[in-house]
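**Q** Fold the following.
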Amino acid sequence: MAATPQNPAAATPRRKAGRHRGEGQWAVGHFTPLNGNEQFKKDDDGLNVRTRIETIYSKRGFDSIDPNDLRGRMRWWGLYTQRRPGIDGGKTAVLEPEELDDEYFMLRVRVDGGRLTTQQLRVIGEISEEFARGTADITDRQNIQYHWIRIEDVPEIWNRLEAVGLSTTEACGDTPRVILGSPVAGIAEDEIIDGSWAIDEIQRRVIGNPEFSNLPRKFKSAISGSPLLDVAHEINDISFVGVRHPEHGPGFDLWVGGGLSTNPKIGQRLGAWVPLEEVPEVYEGVISIFRDHGYRRLRTRARLKFLLADWGTEKFRQVLEDDYLGRKLTDGPAPDQPVARWRDHIGVHRQQDGRFYVGFAPRVGRVDGTTLTKIAELAEAHGSGRLRTTVEQKMIVLDLEEDQVAPLSAGLEALGLTTTPSPFRRGTMACTGIEFCKLAIVETKARGAALIDELERRIPEFDEPITINLNQVEGFQVHLGGALGLEAGFGRKVRGLKVTADELPDYVERVLKRFQEEREDGERFATWAARADEEALS
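**A** Presented below is the predicted three-dimensional model:
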């Protein structure tokens, strides 16, 4: 019998978690909500709020929305309240939620695997222009985010998205979020295995299913068969990474427990090889462990990474095998170290079928509805019906004949979307920032775009891979180095160093020039930053 929020007793497995009952784990019989979030989820499944949006809130307006729906359950359908304009960053942690709320919403559209048709992209662009004041950001999870959405318009937006196979279901909330996928799945010449079928099957089984709609917190997933390790598998709750087993052939290496935010953790290998046809079953097993054993007392400890840290990989795999799969998993190899300098698929590349795909770079993921519509039209005009988004806030046009590559690239350049970006444009990413986000305390998108311009002007000869992430810290606490890949690690924090927003271009220029002067042959920036003395990094 499957465990659900309505039938929590069925969640009790034979083994008990190592932490005390006060962590609020269902698997040890603790079902009493220990915070407001757990209470509103117990009171009503977040999936049920759609009916109220369609029949009540969209007709009566913003003021009719129940607070637990407004700041809770509406996230199950991709809706977050937007930050009220004019509130400076210093008040983010001081004001109550109702003081920060604007009467508009951010709406997140799932793009599982980053896969879009030109028809879908055109509809996304049209919705942006008609309902979202032209906004349409590409996120680092392959989604599209709108802003300035009115509750009155949400049912019509859903109708248009769903008519072309798109959805906002569980794009936010304590749910299984979008499933990241290689943006060149099924087309890349060097692909180990295509995970697209598994993404589709997990969507069919899990997304919108009440058995998995009340998790302790969000659950982030990734599936990629690319040797470039192109979905940041190390920072997801669950990742399936393409590998070749010496006896069984292509399949996936299973990783669990990664995550950023506070107390960032690199995901851990369970040492298990999973064939393609078993990926959905194993996914359900891992997400079920999170649902049943995950910590629900404190929101700050409610991610899977904390459970894994307490259990360790050996116990986690044993519980997965004994209590959820009923069988042993096959031991398997780790992924190989990628050989490419970049893993974002920017530029022109040959496909398996002899055609080509072209990756291009918007600035820090910020585009607009008109541009997205033009991209769709441009792709179609040159023979393509498919596009992809990437975890680096970039886009790819697929299926081009060789004689269409140059004219498509020229058309993209005319839109300000280059296929040959500088390392700064290619490697700079920014979160939503204070313009719309209620958690932010600094502007990031415009700051990131201005930083790109400054660095291109100051260090035009710089040609090494570099990643610059702008997050929500006024005065900018600097973290240097850090990398994803098989030598994954978090950046080095220089003691006592903080950089103001105005000082940021000077600081980045200074550090990168020192890297150019001091690096050894072939040395990556992350490696240099880890060994450099603090004076060189200040």
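**Q** Least confident secondary structure element in this structure?
**A** strand 477-480 (a mean of 63; mean pLDDT, DSSP states H and E).
**Q** Just give me the neighbour total for residue 61.
**A** Residue 61 has 13 neighbouring residues, counting by other CB atoms under 10 Å. For the C-beta atoms, the positions are set from N, CA and C on the backbone; glycine is no exception.
**Q** make that residue 59, sorry
**A** What residue 59 shows, counting by other CB under 10 Å, is a neighbour count of 12.
**Q** show me where pLDDT drops low in the stretch 51-200 of the chain?
**A** For the stretch 51-200 of the chain, the stretches with pLDDT under 70 are 88-93.
**Q** how about the strands in it?
**A** 79-83, 101-109, 115-117, 135-138, 144-149, 176-181 (DSSP state E, counting those that start in this stretch).
**Q** Ok, which of these comes nearest residue 381?
**A** With CB to CB as the criterion, residue 381 lies closest to strand 115-117 of those, at 14.9 Å.
**Q** ok, and the closest non-adjacent residue to the residue at minimal distance from the centre of the chain?
**A** Centroid-nearest residue in the chain, with CA atoms, centre = their mean: residue 141, separated by 2.6 Å. Leaving aside its sequence neighbours, residue 141 sits nearest to residue 178 (CB to CB, 6 or more residues apart in numbering; 5.5 Å).
**Q** swap in residue 468?
**A** Using CB to CB, 6+ apart, the nearest residue to residue 468 is residue 428, at 4.4 Å.
**Q** Residue 413 too?
**A** Nearest to residue 413 is residue 419, by CB to CB, 6+ apart, at 7.4 Å.
**Q** isn't that neighbour right up against residue 411?
**A** No - using CB atoms under 8 Å, residue 419 is not in contact with residue 411, being 10.5 Å away.
**Q** Quick check on the residue nearest to residue 413: phi, psi?
**A** phi -90, psi 0 (degrees, to the nearest 10).
**Q** can you pull the contacts of it?
**A** 346, 347, 348, 358, 359, 360, 361, 409, 412, 413 (CB atoms under 8 Å, 6 or more residues apart in numbering).
**Q** any idea how far residue 190 lies from residue 226?
**A** As judged by CB to CB, to the nearest Å, residue 190 and residue 226 stand 7 Å apart.
**Q** For those two, indicate the residue with more neighbours.
**A** Counted by other CB under 10 Å, residue 190 and residue 226 do not tie: residue 226 has more neighbours, with 26 against 13.
**Q** confidence score at residue 362?
**A** We have a pLDDT of 86 for residue 362.
**Q** again with the one 10 residues further on
**A** pLDDT, the model's per-residue confidence, is 96 for residue 372.
**Q** And the helices in the stretch 301-450 of the chain?
**A** 304-311, 313-319, 369-381, 402-414, 423-427, 445-458 (DSSP state H, counting those that start in this stretch).
**Q** closest to residue 389 out of these?
**A** Using CB to CB, the nearest of the helices of the stretch 301-450 of the chain to residue 389 is helix 369-381, at 10.7 Å.
**Q** That closest one vs helix 402-414, what angle?
**A** Calculated by axes from the mean of the first three to the mean of the last three CA atoms, to 10 degrees, helix 369-381 forms an angle of 170 degrees with helix 402-414.
**Q** list the helices and strands helix 369-381 packs on?
**A** helix 118-131, strand 135-138, strand 386-389, strand 395-400, helix 402-414 (3 or more CB pairs under 8 Å, 6 or more residues apart in numbering; DSSP states H and E).
**Q** May I have the first one as PDB, with CA atoms only?
**A** Included here for helix 118-131 are C-alpha records, laid out as PDB according to Å, rounded to 0.1, in the frame of the first residue of the first chain:
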ATOM      1  CA  THR A 118       8.700  26.500 -31.500                       C
ATOM      2  CA  GLN A 119       4.900  26.500 -31.100                       C
ATOM      3  CA  GLN A 120       5.300  26.300 -27.300                       C
ATOM      4  CA  LEU A 121       7.900  29.100 -27.300                       C
ATOM      5  CA  ARG A 122       5.700  31.300 -29.400                       C
ATOM      6  CA  VAL A 123       2.800  30.800 -26.900                       C
ATOM      7  CA  ILE A 124       5.200  31.600 -24.000                       C
ATOM      8  CA  GLY A 125       6.100  34.800 -25.800                       C
ATOM      9  CA  GLU A 126       2.500  35.800 -26.500                       C
ATOM     10  CA  ILE A 127       1.500  35.200 -22.900                       C
ATOM     11  CA  SER A 128       4.500  37.400 -21.800                       C
ATOM     12  CA  GLU A 129       3.400  40.300 -24.000                       C
ATOM     13  CA  GLU A 130      -0.300  40.100 -23.100                       C
ATOM     14  CA  PHE A 131      -0.200  39.300 -19.400                       C
END
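**Q** how about that helix: buried residues?
**A** Buried residues in helix 118-131, counted by 16 or more other CB atoms under 10 Å: 118, 120, 121, 122, 123, 124, 125, 126, 127, 128, 129, 131.
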